[in-house]
Each structure stands twice: as structure tokens, then as C-alpha cells.
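In: Okay, sequence plus prediction incoming.
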Amino acid sequence: MIKKAVLYILLVPFMVLLLILLLAVANSLLQGLGYMPVLGLNKISLDYYKEVFLNPDFSSSLLLSLYISVISTIFSVVIGVLICAALIKTKRAEKFYRNVLRIPILTPHIVVALFVVIIFSQSGILSRIWYHLNIINEINEFPNIIYNRKGIGIILGYIWKEAPFVAYFVLSFMESISVIYEEAAINLGASPIRSFFSVTLPLSMPAILNAAFIILIFSFGAYELPFLLGVTKPKALPVQAYVEYSHPDLRHRPYAMAENGVMILISLVMAALYFYLWHKKLDGIRKSYDK
């Protein structure tokens, strides 16, 4: 009885935070529907959502956010898995290298943006190296990697943070599989490369997909890097929503909340699709075992 009471007491802070989050989301959705009594807006309707969807800037922002999140997730997953494989194959998956992987994860996004500017801008370290190597004749001939419409600088920033996250997230799981199953496959005659792609990688997919889903949702709704490294137009959707939110006319607030509502809806759809595919895969595994 005492243990249950202690458990409930420990759950109180989490429940309070969860309640605050749900109230904030509900308030945001209501404002997106035009319900703001403090401004005299008492009618609930979908007019603000309709105007948002008819705005060409919104579609450009939405496509840019989806593009950045998908591309950065793909590259982060591939690089993170390669880091895991390298650490396991070289027998260097010990505590020191795990702590090294944590450094980018713990680095604030504003510092990451500063790194990207210092390294990849036309007056940055990389352009100066190219200049001294006579690859370019002038610094401004260096490719415009950041502040471009393709969001390359934003993607580079996310990869720098998210690839180590994938590696750290998957490393322990992949290491245990490698020790148990991959070595058995090698003893049966498979090459190390074949055993990795045939045994370790497929069995590690649950952890890899979990990490991919986390960073996909995060990069889609994140604000800092798109704001600091993005171009004026098109803006990423979180930045566009903030611009509407900070408009001097408070009657623009429902437009910002409608855009936030779209981001919430897309995130929920991604989550529902992920869990549907995951449960479908589990059902397939169970059926194969039943046979």
C-alpha cells in the first residue's frame, strides 16, 4: 500500500505537466478556430484554416518543413547507423565513445547554428581553406550553403545533432545483437559485411525506426535552426507561425494558431501511420512464428 502511494505521489509532477500541456494545446486549437473572447471573437469556425490553406506562403512553408525534416532524418539515420557499425566492428563502443556521442546531443541549437555559420558560410573556415588551396579565386565564389532556399544549412545543423542521437539510441541494442547473433552467423560461414546486413541491421530496425520517428517529428516542428539559418522566403512552417503570432494586430493570432494546428495534425498523422505500420509488422512476425 505504501509503495503504491509513493508511486502515485511521484506521478503527480508528471500529471501536472501533462495537464498543462493538454490545456495549452486545447487553447491553441480553440484560438485557431477563431475563439478568443478577450478580443471579441466568440464564434467557432474553420474560416482561419481556410484562409491559411489558401495562402501560397503557407503551402511553401509546409513543403519546406516537410522537405527539411525528411531529408535530415534520412541522412541522420544512415550516418548514425554507420557510426554504430564502426564502433561495434572496431570494438570501441565503450563508455568514452558513448560520452563523445552525447556532446552534439547536449549542444544547444543556437550553438549549432553558430557552428554552421562559422564553418560553412562564404566567409567561414571551409571557404578560407578552399581559397588557400586555390580551389576558388575569391571567397565569395564559395557555394552558398547556408541561407538558401533549399535549407542546406538547416539540414546540416540537424544532421550534426541527430546522427549522434541515432547512434546513441541504437548502439546498445545493436551491440547486443552483434555479440549474440552476428558472431553466430560469422561462425557459420557468413562474411562480416553479410552478417551485418542480413542479421544485425534487420534485427536493429525497431530501435532505428523509433529514433527516426523521434527526429522526424522534432525537426518538422522545431523553430531554432530554421529561424537562424533559413531564408526570408519561404520560411519554415514553425517560423511562419511565429511571424503571425508576433504580428502587432492581435487579431492575427488565430492564423498562427491555425498553422500550429496543422503542425499538430500532421504530427499526429505521422504518429498514427508509424504505430499502424509497427503493429502491422508485429502481427506479421507473430503469424510467422505461429506457422
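Out: Great, that's in hand.

In: rest of the way, CA atoms for contacts and neighbours
Out: Will do.

In: Distance of the residue nearest in space to the middle of the chain relative to E138?
Out: Nearest to the geometric centre of the chain sits I215, at 2.7 Å (Cα atoms, centre = their mean). Per Cα to Cα, to the nearest Å, I215 is found 38 Å from E138.

In: which element is the residue nearest to the centre of the chain on?
Out: Taking DSSP states H and E as the definition, I215 sits inside helix 201-221.

In: contacts for that helix?
Out: Contacts with helix 201-221, where a contact means Cα atoms under 8 Å, 6 or more residues apart in numbering, come from 65-66, 68-70, 72-74, 77, 81, 158, 162, 165-166, 169-170, 173-174, 177, 237-238, 263, 267, 270-271, 274.

In: Quick one: distance of that helix to the chain centre.
Out: Taking Cα atoms, centre = their mean, to the nearest Å, one finds the center of helix 201-221 at 9 Å from the center of the full chain.

In: could you give the mean pLDDT of stretch 17-26?
Out: The average of the pLDDT scores along stretch 17-26 is 85.

In: quick one: stretch 138-148 to chain centroid distance?
Out: 26 Å.

In: List the buried residues in it.
Out: If you call a residue buried by 16 or more other Cα atoms under 10 Å, then stretch 138-148 has these buried ones: 139, 142, 145-148.

In: With pLDDT added, can I get those in TSV?
Out: Listed next are the buried residues of stretch 138-148 as TSV, based on pLDDT from 0 to 100:
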residue	pLDDT
I139	80
F142	85
I145	84
I146	85
Y147	85
N148	84
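
In: Which single one of these is nearest to P104?
Out: Distance from P104 was checked for each of those by Cα to Cα. The minimum falls on I146, at 19.6 Å.

In: Thought I155 was touching I68, still the case?
Out: Yes. Contact criterion Cα atoms under 8 Å: I68 and I155 qualify, at 6.1 Å.

In: Now for L250: which residues touch it?
Out: Going by Cα under 8 Å, 6+ apart, the list of residues near L250 reads L39.

In: swap in the one 10 residues further on?
Out: With contacts defined as Cα under 8 Å, 6+ apart, the neighbours of N260 are 28, 32, 238, 241.

In: Mind giving me the ChimeraX select for these, buried ones only?
Out: In ChimeraX syntax, the buried subset of the contacts of N260 is picked out as below (16+ other Cα under 10 Å):
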select :28,32,238,241
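
In: now, which of the contacts of N260 sits nearest L225?
Out: Closest approach to L225 among those (Cα to Cα): P238, at 10.4 Å.

In: Many thanks, we can stop here.
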